[in-house]
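Asker: Sequence first, predicted model second:
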Amino acid sequence: MKLFQLAVHAVAVGGLVFAFDALMLLASVACWFFIYLFGGSIGYHRIWSHRSFKTTPFVAYASLWVGMLMGQGAVFSWAGQHRMHHRYSDVSLEKDPYWAHCQTKWGTFKTWFLSPHPIPYELRMVKDMVGDKWVRFTHQHYYKLMFVWIALLALLDPMVALYGFFIPSVMCYVSAQVTGVFGHKVGVVNHEGTNDHSKDSHWLNVFTLGESYQNFHHKHPARVIMGKYDLSGYIIDRFLAVK
């Protein structure tokens with residue numbers, strides 16, 4: 001996964017340097033917004049990792065497929081590591097996949113670009129997903145599916161692949177790291193008793209679309225709406241949750 005992510009970063013940076021297009025970059029921002037909001041924040045995180053709300057099968061499985069476009073792996077492993085993070089939040093570098101407390105700038109750099117760490121997640125944490133055939137399928141064929149998607153976009157136009165997948169994927173990665181790293185370093189503690197260093201930050205939501213109320217989230221992992229400016233929570237509550 002790390003090599004895949006590094007390759008995606010390299011293509012995205014190279015493309016911006018040698019094939020910059022301002023209008024296409026705006027399209028990339030729009031792609032990032034949709035992929036990270038629906039596939040990442042709503043899908044991978046709140047539907048699949050925390051089972052925060054009930055929704056229709058169409059929304060659940062559509063979010064699974066869109067979530068893959070973040071370039072951060074299939075939902076089975078993503079949810080496994082995310083649940084590990086909640087269980088061992090800020091315990092140690094070895095146990096917490098989103099460890100954010102390196103003592104040096106180089107350590108923070110490595111955390112930013114190489115997280116999540118290559119540690120085995122506990123399979124018992126994702127046993128609820130084992131029986132789902134689509135979860136298994138996307139897990140077993142993730143890279144094949146990604147390469148097919150990239151190839152289809154490139155056949156339309158290499159610029160479509162660059163600005164429709166590679167650059168939005170990097171943006172999604174940055175958003176995830178803002179949540180995982182800065183979410184445990186920047187902001188305020190509004191909810192005691194989480195036994196970690198999670199923080200709440202209104203302004204970080206600009207990059208995470210509602211995911212930066214980490215202190216509230218670690219206190220109440222299954223709550224749909226995490227904070228005042230939680231865009232994902234608002235959309236879920238108004239449009240996607242089956243009540």
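Answerer: All right, it came through fine. Since the model is a prediction, treat every value here as computed from it, not as a measurement.
Asker: Now for residue 148, how many residues are close by?
Answerer: For residue 148, the neighbour count with other CB atoms under 10 Å is 11. C-beta coordinates here come from the backbone N, C-alpha and C atoms, glycine included.
Asker: so after the one helix or strand it maps to, what's the next helix or strand?
Answerer: For residue 148, the element it lies in under DSSP states H and E is helix 142-156. Tracing the chain past helix 142-156, the next element assigned as helix or strand by DSSP H and E is helix 158-161.
Asker: can you give me the mean pLDDT across the next helix or strand after that next one?
Answerer: Downstream of helix 158-161, the first helix or strand assigned by DSSP H and E is helix 167-180. The average pLDDT for helix 167-180 rounds to 93.
Asker: which residues are in contact with helix 167-180?
Answerer: Applying CB atoms under 8 Å, 6 or more residues apart in numbering, the contact partners of helix 167-180 are 5, 8-9, 12-13, 15-16, 25, 28-29, 31-32, 35-36, 40, 69-72, 85, 98, 100, 112, 115, 204, 207-209, 211-212, 214.
Asker: Now restrict these to buried residues only.
Answerer: Applying 16 or more other CB atoms under 10 Å to these, the neighbour count classes 5, 8-9, 12, 15-16, 28, 31-32, 35-36, 40, 69-72, 85, 98, 100, 112, 115, 204, 207-209, 211-212, 214 as buried.
Asker: Show me where the chain has its helices.
Answerer: Taking DSSP state H to define them, one finds helices in the chain at 2-18, 22-34, 57-68, 75-87, 105-114, 133-140, 142-156, 158-161, 167-180, 205-208, 214-219, 231-235.
Asker: Distance to residue 51 added to the ones you listed, as TSV?
Answerer: Below are the helices of the chain laid out as TSV (distance: least, CB to CB, whole Å):
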stretch	distance to residue 51
helix 2-18	27
helix 22-34	23
helix 57-68	10
helix 75-87	10
helix 105-114	28
helix 133-140	13
helix 142-156	22
helix 158-161	34
helix 167-180	19
helix 205-208	21
helix 214-219	14
helix 231-235	15
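Asker: Could you report the neighbour count for the residue nearest to residue 78 when sequence neighbours are not counted?
Answerer: Distances taken as CB to CB, 6 or more residues apart in numbering put residue 44 closest to residue 78, at 5.3 Å, once the chain neighbours are dropped. Using other CB under 10 Å, the number of residues around residue 44 comes to 27.
Asker: Also residue 27?
Answerer: 16.
Asker: could you list every residue that touches it?
Answerer: 163-164.
Asker: Roughly how far does it sit from residue 34?
Answerer: 11 Å (CB to CB, to the nearest Å).
Asker: Kindly report the same for residue 146.
Answerer: Residue 146 is 17 Å from residue 34, by CB to CB.
Asker: again with residue 81
Answerer: Counting by CB to CB - residue 81 and residue 34 are separated by 23 Å.
Asker: on that earlier part again, hmm, the residue nearest to residue 78 is touching residue 70, no?
Answerer: Yes. Using CB atoms under 8 Å, residue 44 is in contact with residue 70, at 7.4 Å.
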